[in-house]
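When you get a sec, could you give me coordinates for this:
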Amino acid sequence: MISIIVPCYNCEKSFEKCINSIRNQTYQQIEIVLVNDGSTDRTGILCEDAAKEDGRIKVIHQKNGGLMNAWKSSVRNASKEYIAFCDSDDYVDLDLAETLVNKINESNADIILYGMKVEYSSGIVENADNRLKKGLYAKEDIAKLILPSYFDNGQMQSELILASRDTKIFRRTVLLQVVDNLSDEISLGEDELTTFAAVLSAQSIYCMNNYHPYHYMRNDESMIGRYDSQMFHKYLLLRKQLTEIARIYDYPYKEQIEKRFVSHILLCMKKEIGRNQGSGYKKVKRNLISMRENEIFKNALKLVEVKKYQGKSRVFLQLVIAKRYFMLYVITNMVSRFGVGKP
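Here you go, the predicted structure:
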């Protein structure tokens, strides 16, 4: 009934823990699909060795095409009715498959949602949950209760459904309906794009609450994460692709995508300040101005209601709107450096 897909790229250090958490499931009648996406270390050998030991494992070797490409290949090669995912540097609880099979039999939903544990290298563990209430949502419920506020309820990063594909199991036919509409160009937000298309295609969704069987291993304790000089352009591309999916599947709430875009760019600005320390204020300011004065961002910013943002996010948004770049720089660095909460 279930295929569990693991995209693999240069993951020899984490491979054993990940694959053992899947192979040792309490429910054993599963298919395991490993996609070796052009690894240059011993990942490919480890995949083949695992397949020799376990007949449930199928290995796909391909040239490096990126996460989206590997994900699409795995969906096309899986054979079971439902598909779940696990990244190669993460792991899952041993009862995940059993729990999901029981919930599939109970609900017959196209997509089943659950949460994750975010495990930082410092030892801190945080639970991440869907904001959607527990229960079964038929097609009409999805249209009325999910889609109008799917990406944004007015606050920063306030999506109803976790973007990660690793916190849900999909009916394979739903994924096959959308794979050809998902661009391989996407290198940031692959999960968000995929989940959005799948939700728009689903006939039913079941949300489980207070269940966190997926363990997301995070190497950087900071909410800001790693610095990527191309992040702004990647978010522009993600917005473009989300807009295209909305067009294909007749999603009427286009302002939701724009508000989500603003949320992404505010996060991008925080990363620009917090992780680009070596460049100095002048270069950071130039980059902030470039983002702030982008016409797409300026138009999207008009749709955001400042009063609905809370705490530090509201202050940050107000400073962005007012173009107070030095204050943005100073306050964000103070919060990051002295631990006055997470920026």
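
going forward, measure contacts and count neighbours with C-alpha atoms only.
Will do.

wait, residue 191 sits on residue 164?
Yes: the pair residue 191 and residue 164 qualifies as a contact (CA atoms under 8 Å) at a distance of 5.2 Å.

residue ranges of the strands in the stretch 51-200 of the chain, please?
57-62, 82-85, 91-92, 111-113, 116-120, 125-128, 135-138, 168-171 (DSSP state E, counting those that start in this stretch).

which residues touch the most centrally placed residue in the chain?
Centroid-nearest residue in the chain, with CA atoms, centre = their mean: residue 164, separated by 3.2 Å. Shown in contact with residue 164 (CA atoms under 8 Å, 6 or more residues apart in numbering): 191-192, 195.

Let's see that with 7 Å instead.
Residue 164 makes contacts with 191-192, as judged by CA atoms under 7 Å, 6 or more residues apart in numbering.

do you know how far it is from residue 255?
22 Å (CA to CA, to the nearest Å).

before we move on, what about residue 76?
Distance from residue 76 to residue 255, by CA to CA: 33 Å.

between these two, who's got more neighbours?
Using other CA atoms under 10 Å as the criterion, residue 76 and residue 255 rank with residue 255 on top: 16 against 12.

what's the next secondary structure element after the helix or strand in which that one is found?
Residue 255 is part of helix 254-275, with elements assigned from DSSP states H and E. The helix or strand immediately downstream of helix 254-275 is helix 280-292, counting by DSSP H and E.

buried sites along the helix or strand just after that next one?
With elements assigned by DSSP H and E, the helix or strand that comes after helix 280-292 is helix 295-301. Within helix 295-301, the residues scored as buried using 16 or more other CA atoms under 10 Å are 297, 300-301.

Using CSV, write out every CA atom in helix 295-301.
Written as CSV, here are the backbone C-alpha positions of helix 295-301 (Å, rounded to 0.1, in the frame of the first residue of the first chain):
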residue,chain,number,x,y,z
GLU,A,295,8.4,46.3,-8.5
ILE,A,296,7.0,42.8,-7.8
PHE,A,297,7.8,43.1,-4.1
LYS,A,298,6.5,46.7,-3.9
ASN,A,299,3.2,45.7,-5.3
ALA,A,300,2.9,42.6,-3.1
LEU,A,301,3.8,44.7,-0.1
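
so the helix or strand that that helix is followed by versus helix 280-292, what angle?
Under the assignment DSSP H and E, the closest C-terminal helix or strand after helix 295-301 is helix 311-322. Relative orientation of helix 311-322 with respect to helix 280-292: 80 degrees, computed using axes from the mean of the first three to the mean of the last three CA atoms, to 10 degrees.

what's the average pLDDT for helix 311-322?
In this model, helix 311-322 has an average pLDDT of 93.

Return the distance of whatever helix or strand comes next after it from the chain's centre.
Beyond helix 311-322 on the C-terminal side, the first helix or strand identified by DSSP H and E is helix 325-338. Relative to its parent chain, helix 325-338 has a centroid offset of 27 Å by CA atoms, centre = their mean, to the nearest Å.
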